[in-house]
Every structure is written in C-alpha cells, then in structure tokens.
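[1] Have a look at this fold, sequence not included:
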Ligand SMILES: NC(=O)c1ccc[n+]([C@@H]2O[C@H](COP(=O)([O-])OP(=O)(O)OC[C@H]3O[C@@H](n4cnc5c(N)ncnc54)[C@H](O)[C@@H]3O)[C@@H](O)[C@H]2O)c1
C-alpha cells in the first residue's frame, strides 16, 4: 500500500478521492489552505473510512494546524498549508516517504479567471511548479494532475479524443494547459543519471454528484457556477428558477450538451491512475476522464425531476460568451490504459446530488 500526498484534498473532488484511496488501503497526507475546502470534509471522509481521530495539534504558526486519524496500519493526516510555500509542503514529507502526489489544489472558476488572471497563474501554475520542486527535492517523482476538458476550448470533433488540439479560450484553461506543458518538459528531462517521472494528466469533463452517504459533496461559495448545485438550490426553493444559457445551440433540444461524470467514478479513476503509474515504468499519460455520453441541460433537469420527484422551474436565456454546444469525452484511452470506466448513471448522479443537498443545505457550514 502506498503513502500518498493529496493537495487540495479538503475540496470537492479531492475529498471524494481521499475516501476512494483510503478504501483501496492507501495512507494519506492531505494539505489544504481551506480557501475553498473544509476540515469537516476530511472529518467525514475519516468517519466513512472507519478511521479514529488520534490527535489534533498546532505548531508555532496558526497556519500549521494538523489533524491525525488512524486505524491499524493505515493513517490519514490533514495539514493546513499553502502549496505555494515550500516550507508548508515540506511538512508533508517530514515524517514519512511519499510515494506519489495527487495534485487537486487550485482555482477553478472560468469567469473569475477572466477577472483575476494573475491569481490563476499564481496558484495554478506557480503553485504546481512549487509542488513539483519540493517533490524532486524529496525524490518523489510520481504525480497525478487535475487537468480539465477546458484545455480543448471549442473542439471541432465530438467525442473529443486526447489528440484534439489544446486551444484553451480562457485564463483558467490556459493555466491548465501551461501546467500540462511543464509536465511534458519534466517527463522529457530525465536522462541516464536522473530517474524518470511518472505523470498522469487527467482531463476531467463535468464532475457532478456526491458520495452515496450524503456526508460529503460539492460546497460552492456564493452563486454556484456548476449546473447540479444550481438545480439543487432551485429544487429546494433557495433560488426561484434555473437560468439556462442558450436554447439555440445545434443540439436536439437547443441547450448545451455536456459529459457529466459522477464524482465517485472520477475518484476511482484517480485510484486506477496512481496505481498504474506506481506499477509501470516512468511515463507520461494524458487521459480524458468522462463517461462518453452527453446530456443536455434540459435532459439533466428532467432526469433530476423524475429521479427525485421534485420540480425545477427554469427560464431560457441568451448564450454566455465562451460556451460551446457540445463537450463529450472519448474515454477509450483511459479504459484501455487504466482498466477503468464510469459505472454510475444519470439517475444515481441526480439522487446522490439531491441527498447531499438535502442533508447539508448550507454545505459544511451548518
Ligand atoms: N470541479 C470541476 O468542475 C473541475 C473540472 C475540471 C478540473 N477541475 C480541477 O480539479 C481540481 C479540484 O477541483 P474541485 O472542484 O475539487 O475544487 P475545490 O475548490 O473544491 O478544491 C480545491 C481545493 O484546493 C484548496 N486550495 C486552493 N488553493 C490552495 C493553496 N494555495 N494551497 C493549498 N490548498 C489550496 C482549496 O481550499 C480546496 O479545498 C482543481 O484543480 C480544478 O481546477 C475541477
């Protein structure tokens, strides 16, 4: 079993992946600055994985709070820290050898990236570079990167294969493409004297849903920018209606089509990726993680209403700048390289998202 460092593990996808990795038997160190994550997410993960809290401690600086859980030989440590600071990252390597890093920490809102590009280049690109440098210093060279289908921009062919051109159309996508380029350069840098890097760039399509327990899920700050949290807020009466941006796209019902992937399928994809990297010789894998199926906004609304017996009023609005008609993955390379594919359907996605929302209408801030 491996010892894994998870950056941004207290966030949405990171917390679900922590649970999947613990259930596979791995031990974890999580680092998060809680700018968009919660200690409660990791508490819930520890509970779901059957770990007991061992201790909580704070170092001289308040930034360095730590929490520890354990069961038998398996452990989970949560460190409060910023990935842009080498000293914070170094704490994770202090007490144990780290076999691999799964790097989720980052900023992820397209519109915000247009308004605050320097923040995105700082956290997403400079932060990733810092993580890689501390890894190299500690002789850890296995890295799983949270990339995004955003790197494809307006893809000309659907389903989108990994060979499609990388042509992002917003600063968020540019930062993901820049880190991917840094990783390709790093993979090519190993020579006879340098051990090679094992790297996976995972291009997620649209992560949705929550763990089936309803104990962890997506907890957006302010107005959600993703569809499912918005649908949940409308269904529960927190918002009057869902705004559907664009009803004149070249799709069967005119609304945008996306490839929605259940977050636990995505989490299990990370488990398959890191275990594949650790078992094989150094390489760089670039993989789409999606279901390969597209659903329109109106199909999502109908599926949600049907599954949960609720009503989701909506209004059709004009298109948003930068949106595209259809984004659907060709997931065949991930299937053949990782032996992984999605197994949860749209009804499961809708049921799990609604359960999480009903149990936690204000997210973790109860
Ligand atoms: N959610 C999506 O739709 C989506 C799609 C494609 C790719 N991604 C990528 O996946 C990753 C995880 O996304 P998510 O939806 O879980 O986001 P999230 O915001 O829920 O999680 C990110 C976590 O990183 C932490 N973080 C941010 N800056 C940090 C810093 N400087 N130091 C330490 N921790 C920091 C946040 O507190 C948060 O817990 C991101 O890199 C994102 O770009 C997300």
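    It's in. The structure displayed is predicted, hence computed values, not measured ones. Numbers count the residues shown, from 1 in each chain.
[2] need the next SSE after the least confident helix or strand in the chain by mean pLDDT, C-terminal direction.
    Lowest on mean pLDDT, DSSP states H and E among the helices and strands of the chain sits strand 52-58, with a mean of 84. Next in sequence after strand 52-58, counting helices and strands by DSSP states H and E, comes strand 65-71.
[3] quick one: low-confidence parts of the stretch 251-366 of the chain?
    Low-confidence segments of the stretch 251-366 of the chain (pLDDT under 70): 366.
[4] residue in it nearest to the ligand?
    Here the stretch 251-366 of the chain gets closest to the ligand at one residue, residue 263, 8.4 Å apart by C-beta to the nearest ligand atom. Any C-beta I mention is one placed from the backbone N, CA and C, and that applies to glycine too.
[5] Just give me the neighbour total for that residue.
    For residue 263, the neighbour count with other C-beta atoms under 10 Å is 28.
[6] Thought residue 210 was touching it, still the case?
    Yes: here residue 263 reaches residue 210: they are 6.6 Å apart, a contact under C-beta atoms under 8 Å.
[7] can you give me the helices in this protein?
    12-23, 39-48, 86-94, 110-115, 117-120, 127-137, 171-187, 227-235, 263-279, 297-308, 332-338, 346-359 (DSSP state H).
[8] need the contact list for the residue of the stretch 251-366 of the chain closest to the ligand.
    In this structure, residue 263 makes contact with 12-13, 16, 207-211, 218, judged by C-beta atoms under 8 Å, 6 or more residues apart in numbering.
[9] try 7 Å this time
    Shown in contact with residue 263 (C-beta atoms under 7 Å, 6 or more residues apart in numbering): 12-13, 16, 207-210.
[10] how close does it get to residue 212?
    Using C-beta to C-beta, to the nearest Å, residue 263 is found at 11 Å from residue 212.
[11] do the same with residue 317
    Per C-beta to C-beta, residue 317 is found 33 Å from residue 212.
[12] for residue 198, same thing?
    Going from residue 198 to residue 212 by C-beta to C-beta gives 31 Å.
[13] do residue 269 as well
    Distance, residue 269 to residue 212, using C-beta to C-beta: 17 Å.
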